[in-house]
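Undergrad: dropping a prediction and its sequence here:
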Amino acid sequence: MAYTTVNKSTDYFNTKLYTGNGSANAITGVGFQPDWTWIKSRDYSDSHSVYDAVRGVTKRIRPNHTNAEQTLANSLTAFGSDGFTVGSDGQDNSNGNTYASWNWKANGAGSSNTNGSITSTVSANTTSGFSIVKYTGTGSNATVGHGLGSASPKMILFKNTNSIRNWGVYHGSLSDPDNYLALNTTGAETTGYNFSNDTRPTNSLFSVGNMTGNNGSSQEYIAYCFAEKTGYSKIGKYTGNGNADGTFVYTGFKPAWLMVFAYQAGNENWIIVDNKRDGFNVENEQLFPNTSGAEESNDEVDLLSNGFKLRRNNTRMNGSIPYIYMAFAEAPLVGSNNVPCTAR
């Protein structure tokens, strides 16, 4: 029988690799019109770029920086029916350099959501459990509608777009809803602050406290919200075993994209691997959301038909410490056509 309500994972998430040309460059082959595109240079050191359909094209924010939003006419200039177009800006399209782009489908430019005490603009895909939320902070405890219907977000990435602030990260596996992380740093989870008004997200709302990271008075915010969908996405935690025969983490699908963070270590990078760069085990190349560094080959993880397995003894991904992760499927363990997936 069908294992997931998402019949084809690549209708909602896809990694697209490309080579820059230094001028207008239409990147096709994504398979859908993306609403959130995250770009990183692979072969040289430069910042990450994030664009979305709610804030609009040419508006860049950088996961490895605290910077406010920039409007750059020659950055990402269009979302198309099968991808996106980048202009001559060197961060996203330097001639001859290689790039990874990670693309998610939401629901276009979004619409007004009045479910929370703060009215938000929301672009939501309830099938895949992903929404983009834009709102203005109040500086006091509040709620914001996320548009995901019956699903509660288990991970939310927040960025203040008009001030210099850290990215704030809510993850449902942290022990307290007010504990948070910063995507742009190696810092361990922060405790003792009013990040989420001591309240976990519901199927219609997420809560914010009085912190400038996600609710400063009159500050503008964008939030990327992720809920789990069986067979398509998994958001959780695991504990490494400190052994070369590392921990196996069951996801229920063959991962296409995986982000891992040693959230209590305080000195390790966030790590992203995907199924397109190199594309075979154990050579899964790594990029780091909190740094501008180029791609590295560290041979640390196998992407398998039903999850992922760590292959080295180090604190980056498999020390004897806890880790959080978020993963998206290449294909479910058993898809709607009942064809089983195989490891690479």
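TA: Great, that's in hand.

Undergrad: when you work out contacts or count neighbours from here on, use the C-alpha atoms and nothing else.
TA: Will do.

Undergrad: where's Phe79, which helix or strand?
TA: Per DSSP states H and E: Phe79 is located in strand 76-80.

Undergrad: from the contact counts, what lies against that strand?
TA: On a contact count with 3 or more Cα pairs under 8 Å, 6 or more residues apart in numbering; DSSP states H and E, strand 76-80 meets strand 83-86.

Undergrad: partners of the strand it packs on, with directions?
TA: Strand 83-86 has these partner strands in its sheet, going by DSSP bridges: strand 25-28 (antiparallel), strand 76-80 (antiparallel).

Undergrad: still on that earlier bit, what's the mean pLDDT across the strand holding Phe79?
TA: When pLDDT is averaged along strand 76-80, the result is 98.

Undergrad: chain center to that strand, what's the gap?
TA: For strand 76-80, the separation from the chain centroid amounts to 19 Å (computed by Cα atoms, centre = their mean, to the nearest Å).

Undergrad: got the CA coordinates for that strand in PDB?
TA: Listed next in PDB are the C-alpha coordinates belonging to strand 76-80 (Å, rounded to 0.1, in the frame of the first residue of the first chain):
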ATOM      1  CA  LEU A  76      18.000  35.700  -8.200                       C
ATOM      2  CA  THR A  77      15.700  37.600 -10.600                       C
ATOM      3  CA  ALA A  78      12.800  35.200 -11.300                       C
ATOM      4  CA  PHE A  79      11.100  32.000 -10.100                       C
ATOM      5  CA  GLY A  80      10.100  30.000 -13.200                       C
END
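
Undergrad: who touches that strand?
TA: With contact meaning Cα atoms under 8 Å, 6 or more residues apart in numbering, strand 76-80 is reached by 33-35, 51, 53, 57-59, 84-87, 92.

Undergrad: let's go with 10 Å and repeat that
TA: Contacts with strand 76-80, where a contact means Cα atoms under 10 Å, 6 or more residues apart in numbering, come from 24-28, 30, 32-37, 39, 49-53, 56-60, 84-89, 92-93, 108.

Undergrad: equivalent analysis for stretch 191-198, please.
TA: Outside stretch 191-198, the residues within contact range by Cα under 10 Å, 6+ apart are 140-143, 168-170, 175-181, 206-215.

Undergrad: so which of those residues sit within helices?
TA: Thr212, Gly213, Asn214, Asn215 (DSSP state H).

Undergrad: neighbour-wise, which of these leads?
TA: Asn214 (31 neighbours; other Cα atoms under 10 Å).

Undergrad: so, low pLDDT: which residues of the stretch 151-300 of the chain?
TA: Along the stretch 151-300 of the chain, segments meeting pLDDT under 70 span 279.

Undergrad: mind listing the strands for it?
TA: 155-160, 168-171, 205-208, 220-226, 233-239, 248-250, 253-261, 271-274 (DSSP state E, counting those that start in this stretch).

Undergrad: columns mean neighbour count and distance to Ile118 on top of these, output as a markdown table?
TA: Formatted as a markdown table, the strands of the stretch 151-300 of the chain follow (neighbours: other Cα atoms under 10 Å; distance: least, Cα to Cα, whole Å):
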| stretch | mean neighbour count | distance to Ile118 |
| --- | --- | --- |
| strand 155-160 | 24 | 15 |
| strand 168-171 | 23 | 18 |
| strand 205-208 | 23 | 10 |
| strand 220-226 | 22 | 12 |
| strand 233-239 | 21 | 26 |
| strand 248-250 | 17 | 37 |
| strand 253-261 | 25 | 30 |
| strand 271-274 | 22 | 33 |
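
Undergrad: nearest to Asn318, out of those strands?
TA: strand 233-239 (7.5 Å; Cα to Cα).

Undergrad: gap between the closest one and the chain center?
TA: In terms of Cα atoms, centre = their mean, the centre of strand 233-239 is found 14 Å from the chain centre.
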